[in-house]
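**Student:** Please work out how this folds:
(one chain, ligands or ions: 1)
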Amino acid sequence: MSTPSEVTTLTGPSAAELPGAQELAPRFPLTRNPAPAGDPQHDAVMGSLTFGVAFTDHMVRATWTPEQGWHGHRTEAFAPITLSPAAAVLHYGQEIFEGLKAYRHADGSVWTFRPGFNAARFNASARRLAMPLLPEEDFVASLAALVRADERWVPGVEGSSLYLRPFMIATEPFLGVRSAHELEYLLIASPVGPYFVNGFQPVSIWVAQDYHRVGPGGMGAAKTGGNYAASLLPQQEAYDKGFEQVCFLDAATNTHLEELGGMNVFVVDADGTVRTPALTGTILEGGTRAAILQLLRDSGRTVREETIELAALLDQIRSGQVAETFACGTAAVITPMGRLAGEGFDVTVGDGRPGPITTELYETLTDIQYGRRPDPHDWMYRLV
Ligand SMILES: Cc1ncc(COP(=O)(O)O)c(C=O)c1O
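**Tutor:** Numbers count the residues shown, from 1 in each chain. Just a heads-up that it's a prediction; the model follows:
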């Protein structure tokens, strides 16, 4: 099996290596929205934060063509975009995206978490989908431009943030299967509360044995819409059975855990060893996953990136050898997985409540993100 280092190179520039936000933001010059949301509308959104339903006053754009490369960088009013019905993205799904958050610290400043990692992952996805690369500094510049234009939309209440959604789509009007010759980079933002309405509470997981989201040689290591489209039906069926999330198994053998539809997974043994599926090309390498591995290594824990067999895991949960399981990602941070079920099995992990290592990781990571404890690895990048 490939070792993680052979598969992943998503280190990107660290916050300390990047130019400051004030220097980068002008790369996407701002034309202010002439009709921004009024105070009552703004206050109504910020007073009842959910996830991904309200958007800010502005968005960022740039266009790519083979002749001009990237051009037309700008920050402008958030508005519907015009596309030809023949645009390649609408037919062949040539699109990629990212997800990050801007966090308000107690002193009013606004920060994001490892934007260099997401910039590198965006380009790794672009490469897999035969799309042009976006310079990593331009990716970070777009975040700086939008958050500085829309600072009033960064919430300050506990657990809230401004969710940032960079994406690239094939806009060329052409009904042929080849990489498009015209593409658009966009960035939009949405003020959000916790991803799961119950916050840091265990979720129930349905392990899909008859659907896969990706396969060997496919696009699993890329963040592209098709992978999520493949997860919708299994997610809906799991939901109808009374489960909150789906865990996918590998397509080649249908025996080992890969990840949830939008989160990586971890297993904590009773002896404190922490395990997560290795990056074999069919899993999206999460920034949260990478940070958790680092935090665990910092604290001297044994950490293993390896194959996690479902059958063995179920036995270990039943015997108490596995004490905690959790999922992680930018949107929901860390979420305990309290129950795992599938055809022929249904097990509760530990006592079904958040375990101590899961809780400690959640607290450490969110404390760093919200500026409540030191950031020894320079993960945080100041936007405002
Ligand atoms: C399929 C998938 N796996 C894992 C993750 C976690 O990645 P990150 O921690 O960078 O948000 C995400 C979310 O982006 C995802 O969509």
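
**Student:** separation between Asp375 and Leu295?
**Tutor:** 11 Å (C-beta to C-beta, to the nearest Å). C-beta: built from backbone N, CA, C; applies to glycine.

**Student:** between those two, which one's more packed in?
**Tutor:** Leu295 (18 against 14; other C-beta atoms under 10 Å).

**Student:** The residue nearest to the more buried one when sequence neighbours are not counted: which element?
**Tutor:** Excluding its sequence neighbours, the residue lying closest to Leu295 (C-beta to C-beta, 6 or more residues apart in numbering) is Thr364, at 5.7 Å. When secondary structure is defined by DSSP states H and E, Thr364 falls within helix 356-369.

**Student:** Tell me which residues of that helix come out buried.
**Tutor:** Buried residues in helix 356-369, counted by 16 or more other C-beta atoms under 10 Å: 357-359, 361-362, 364-366, 368-369.

**Student:** Give me the residues contacting it.
**Tutor:** The contact list for helix 356-369 (C-beta atoms under 8 Å, 6 or more residues apart in numbering) reads 101, 103, 111, 113, 159, 200, 268, 272, 274, 288, 291-292, 295-296, 323-324, 326, 333-334, 336, 354, 372-375, 379-380.

**Student:** Could you list which of the residues you listed also contact the ligand?
**Tutor:** Restricting the contacts of helix 356-369 to those near the ligand by C-beta under 6 Å from any ligand atom leaves Thr288.

**Student:** Which of the contacts of helix 356-369 are buried, as a ChimeraX select command?
**Tutor:** Per 16+ other C-beta under 10 Å, the buried members of the contacts of helix 356-369 correspond to this ChimeraX selection:
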select :101,103,111,113,200,268,274,288,291,292,295,296,323,324,326,333,334,336,354,379,380
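
**Student:** Can you flag which of the contacts of helix 356-369 belong to strands?
**Tutor:** Judged by DSSP state E, those include 101, 103, 111, 113, 268, 274, 323-324, 326, 333-334, 336, 380 as members of strands.

**Student:** now, which of the residues you listed sits nearest Ser190?
**Tutor:** Distances from Ser190 to those, taken as C-beta to C-beta, are shortest for Lys101 (10.1 Å).

**Student:** in this structure, which spans are helices?
**Tutor:** For the chain, the helices defined by DSSP state H cover 4-7, 21-24, 39-47, 88-92, 115-128, 136-149, 225-240, 287-298, 310-319, 356-369.

**Student:** Out of these, which gets the lowest mean score?
**Tutor:** With a mean of 42, helix 4-7 has the lowest mean pLDDT of the helices of the chain.

**Student:** list the contacts for the one residue in the stretch 101-250 of the chain that gets nearest to the ligand?
**Tutor:** Residue of the stretch 101-250 of the chain nearest the ligand, by C-beta to the nearest ligand atom: Lys223 (6.0 Å). Lys223 sits next to 96-99, 121-122, 125, 284 when contact means C-beta under 8 Å, 6+ apart.

**Student:** Can you tell me which of the buried residues of helix 356-369 is closest to the ligand?
**Tutor:** Using C-beta to the nearest ligand atom, the buried residues of helix 356-369 come closest to the ligand at Leu365, 10.3 Å.

**Student:** What residues are bridge-paired with the closest residue to Ile317 other than its chain neighbours?
**Tutor:** Taking C-beta to C-beta, 6+ apart, and ignoring the residues beside it in sequence, Ile317 has Val347 as its nearest neighbour in space, at 4.8 Å. Beta-bridge pairing for Val347 (DSSP bridges): Leu340.

**Student:** Got the domain ranges for this protein?
**Tutor:** Residue ranges for the domains of the chain, per automatic domain parsing: 4-193, 203-353.

**Student:** What is the end-to-end distance of the shortest one?
**Tutor:** Okay, so that is domain 203-353. End-to-end span of domain 203-353 (C-alpha to C-alpha, to the nearest Å): 10 Å.

**Student:** near the ligand, which residues of this structure?
**Tutor:** 99, 259, 262-264, 284, 286-289, 329-330.

**Student:** Most widely separated two among those residues?
**Tutor:** Longest distance between any two of those is 14.6 Å, between Gly99 and Glu259; criterion C-beta to C-beta.

**Student:** Looking only at neighbour counts, state which of the two leads.
**Tutor:** Using other C-beta under 10 Å as the criterion, Gly99 and Glu259 rank with Glu259 on top: 24 against 17.

**Student:** so what's in contact with Asp375 and Leu295 at the same time?
**Tutor:** With C-beta under 8 Å, 6+ apart applied, the contact sets of Asp375 and Leu295 do not overlap.

**Student:** what about the closest residue to Pro19 other than its chain neighbours, how many neighbours?
**Tutor:** Excluding the flanking residues, the one nearest Pro19 by C-beta to C-beta, 6+ apart is Glu137, at 6.8 Å. Applying other C-beta under 10 Å, we find 19 other residues in the vicinity of Glu137.

**Student:** Next: Arg297.
**Tutor:** The tally of other residues near Arg297 (other C-beta under 10 Å) stands at 12.

**Student:** Now do the nearest residue in space to it that is not next to it in sequence against the ligand, distance only.
**Tutor:** In this structure, Arg297 finds its nearest non-sequential neighbour in Val303, 5.8 Å apart by C-beta to C-beta, 6+ apart. Val303 sits 16 Å away from the ligand, taking C-beta to the nearest ligand atom, to the nearest Å as the criterion.

**Student:** While we're on Val303, how confident is the model there?
**Tutor:** Val303 is assigned 97 on the pLDDT scale.
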